[in-house]
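Asks: Fold the following and give me the result.
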Amino acid sequence: MLRDTGPLGFRNKAMADTVTVRATTAGVESFRKNGFSPDSPLPAASEIDLAQFDISDPEWWRRDAHWDVFARMRREDPVNWCPDSPYGPYWNITTYKDIMTIDTSHDVFSSEGGITIADQDADFQLPMFIAMDPPKHDLQRKTVQSIVGPDNLKSFEGLIRSRTAKLFDSLPVGEPFDWVDTVSIELTTMMLSTLFDFPFEDRRKLMRWSDVATGRNNAAIVTSEEQWRGELLECLGYFTRLWNERVNVAPRSDLISMLAHGEHTRNMTPQEYLGNLVLLIVGGNDTTRNSMTGGVYAMNKWPDEWDKLKANPSLLPSAVSEIIRWQTPLAHMRRRALQDYEIGGKTIRQGDKVLMWYVSGNRDETQFTRPNALWIERPMVRRHLSFGFGIHRCVGNRLAELQLQVLWEEILKRFEKIEVLNEPDHVPSSFVKGYSKMMVKVTPKA
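Replies: Residues are numbered from 1 along each chain as shown. Got it, this is the predicted structure:
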């Protein structure tokens, strides 16, 4: 297990380098026994017994097949109880209004213990501020939130634009390439390396650690519990060296220095440091990179919207928000009830696990006209659920919007068309709703 080897982060004391991990016998295979294999046919949504169904099964997400199931839940059983899953029983909250109610009721629905359907292992706890309740949540969040404040966003914009322009100018014209790896991952890891002041030449490590942190039930990412824990501890070891470089020098404006010098974070345990690193890496990487890919994919599915944007680039801010709604890069957030609570004609009992399905709420027919379509002129387009609401609203939402805004501005300058050559490969995850590969071909403007 992670061993707390002493106080961390005092200005005259570096973080201890050594932590150990105890292997478990359960392994990641227990997280994969979800009923469907890649060769199994999936039933039609109309044939499913909603009283027994587990929507977290990764096969539904790998095949992008969950939409009709959520639509049926919203119609017939919007507060749906799943009695059995590899992660235990849980509630599915599927409508926009009910999600908003729970997301803004942190006094009733707690984030303590984790934000995903999977519970943390008792011997490998990774506390992070998004999985904390006030007052500790508020204090730790405040420590890092200035990095995405208005002044920093202004300074970031030029850097984001120059990197994006340079990358786009190097793309192969008229030849197939993988947009996920070449563009989305590259741009987001460059931004993450800036936020952490992380060695630029090692920035792809950030992508790997993000994939590992969220890919515990994905055999293409990790194949054993020991590998999963080992790679996360590699992440901790690397960042411990960076902490130790910065803790005894004057505070700087990067995230590691903020954590090392922050009044409410400088005495974190190794577990808590790793937990917050995972939060910041995943939050700054997976969400933006999958919206960068999802936007190109959506513009191919609705080419009239692409033509509309080319004809009227002033629609771009609205288009960015609509892409984020349509993609919903994090499919769910989890809470636990602190007391019995009535909602949607059901009683959620104290201690029950509750999943807010942002991906379903963003397609709620009672809230959005043509919810399944990309519509860049959508009224009140910023009211989507993708960033959450309440005290846990995404701290980096403005930076994500800026990155997407610049991405599409530079696309409009250069390309007449970005053609998606085949259906992208979807990540088999009910948490990170993303893509592992999408082959495209770009046509430059005349």
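Asks: Tell me the confidence at residue 23?
Replies: In this model, residue 23 is scored at 34, pLDDT.
Asks: now residue 118
Replies: 87.
Asks: and residue 420, what does it touch?
Replies: 179, 296-297, 300, 438-440 (C-beta atoms under 8 Å, 6 or more residues apart in numbering). Where C-beta positions appear, they are placed from N, C-alpha and C, glycine not excepted.
Asks: Check residue 99 too.
Replies: 93, 356-358, 360-361, 385.
Asks: ok, residue 96 to residue 227 distance?
Replies: Residue 96 sits 39 Å away from residue 227, going by C-beta to C-beta, to the nearest Å.
Asks: Which one of these two is surrounded by more residues?
Replies: Taking neighbours as other C-beta atoms under 10 Å, residue 96 and residue 227 compare with residue 96 leading, 23 against 14.
Asks: Quick check: that one vs residue 71, distance?
Replies: Distance from residue 96 to residue 71, by C-beta to C-beta: 13 Å.
Asks: buried set for the worst-scoring helix or strand of the chain on mean pLDDT?
Replies: Using mean pLDDT, DSSP states H and E, helix 136-144 stands out as the lowest-scoring helix or strand of the chain, at a mean of 85. When burial is assessed from 16 or more other C-beta atoms under 10 Å, helix 136-144 yields the following buried residues: 137, 140-141, 143-144.
Asks: okay if I get the contacts of residue 420 as TSV plus pLDDT, distance to residue 191 and secondary structure?
Replies: TSV is the format used below for the contacts of residue 420 (pLDDT from 0 to 100; distance: C-beta to C-beta, whole Å; DSSP: H, G, I helix; E, B strand; the rest coil):
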residue	pLDDT	distance to residue 191	secondary structure
179	98	17	helix
296	98	18	helix
297	98	21	helix
300	98	25	helix
438	98	20	coil
439	98	24	strand
440	98	21	strand
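Asks: my guess is residue 125 meets residue 269, correct?
Replies: No: Residue 125 is not in contact with residue 269 according to C-beta atoms under 8 Å; the separation is 9.3 Å.
Asks: Between the two, which is the more surrounded one?
Replies: Ranked by neighbour count (other C-beta under 10 Å), residue 125 and residue 269 place residue 269 first, with 20 against 17.
Asks: got the CA positions of stretch 252-267 in CSV?
Replies: The C-alpha trace of stretch 252-267 is given here as CSV (Å, rounded to 0.1, in the frame of the first residue of the first chain):
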residue,chain,number,x,y,z
ARG,A,252,6.0,30.0,-9.1
SER,A,253,2.8,30.0,-11.2
ASP,A,254,2.7,26.3,-12.2
LEU,A,255,0.4,23.8,-10.6
ILE,A,256,3.1,21.8,-8.8
SER,A,257,4.5,24.9,-7.1
MET,A,258,1.0,26.0,-6.2
LEU,A,259,0.4,22.7,-4.5
ALA,A,260,3.8,22.6,-2.8
HIS,A,261,3.5,26.1,-1.4
GLY,A,262,-0.3,26.2,-0.8
GLU,A,263,-1.3,26.6,2.8
HIS,A,264,-3.9,23.8,2.5
THR,A,265,-1.9,21.4,0.2
ARG,A,266,1.7,21.6,1.2
ASN,A,267,1.3,18.9,3.9
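Asks: I'd like the mean pLDDT over it, please.
Replies: 92.
Asks: For that stretch, what is the distance to the chain centroid?
Replies: Chain-centre distance of stretch 252-267: 23 Å, with C-alpha atoms, centre = their mean, to the nearest Å.
Asks: Give the buried residues for it.
Replies: Neighbour-count burial for stretch 252-267, counted by 16+ other C-beta under 10 Å, picks out 254-262, 264-266.
Asks: Can you name the residues in contact with it?
Replies: Contacts for stretch 252-267 (C-beta under 8 Å, 6+ apart): 7-11, 136, 139-140, 142-144, 146-147, 152, 195-197, 239, 242-243, 246-247, 251, 268, 273, 276, 280.
Asks: again, only using 6 Å
Replies: 7, 9, 139-140, 143-144, 195-197, 242-243, 246-247, 251, 280 (C-beta atoms under 6 Å, 6 or more residues apart in numbering).
Asks: do stretch 309-321 as well
Replies: Looking at stretch 309-321 with C-beta under 6 Å, 6+ apart, the contacting residues turn out to be 376, 381-382, 401, 404-405, 408, 412.
Asks: and of these, the nearest to residue 101?
Replies: residue 382 (19.4 Å; C-beta to C-beta).
Asks: That closest one - nearest residue in space that isn't next to it in sequence?
Replies: residue 321 (5.0 Å; C-beta to C-beta, 6 or more residues apart in numbering).
Asks: Tell me, what's the model's pLDDT at the one you found?
Replies: 97.
Asks: Same question for residue 5.
Replies: pLDDT, residue 5: 33.
Asks: all strands for the stretch 301-446 of the chain, in order.
Replies: 332-337, 341-343, 346-348, 353-357, 415-420, 425-426, 435-437, 439-444 (DSSP state E, counting those that start in this stretch).
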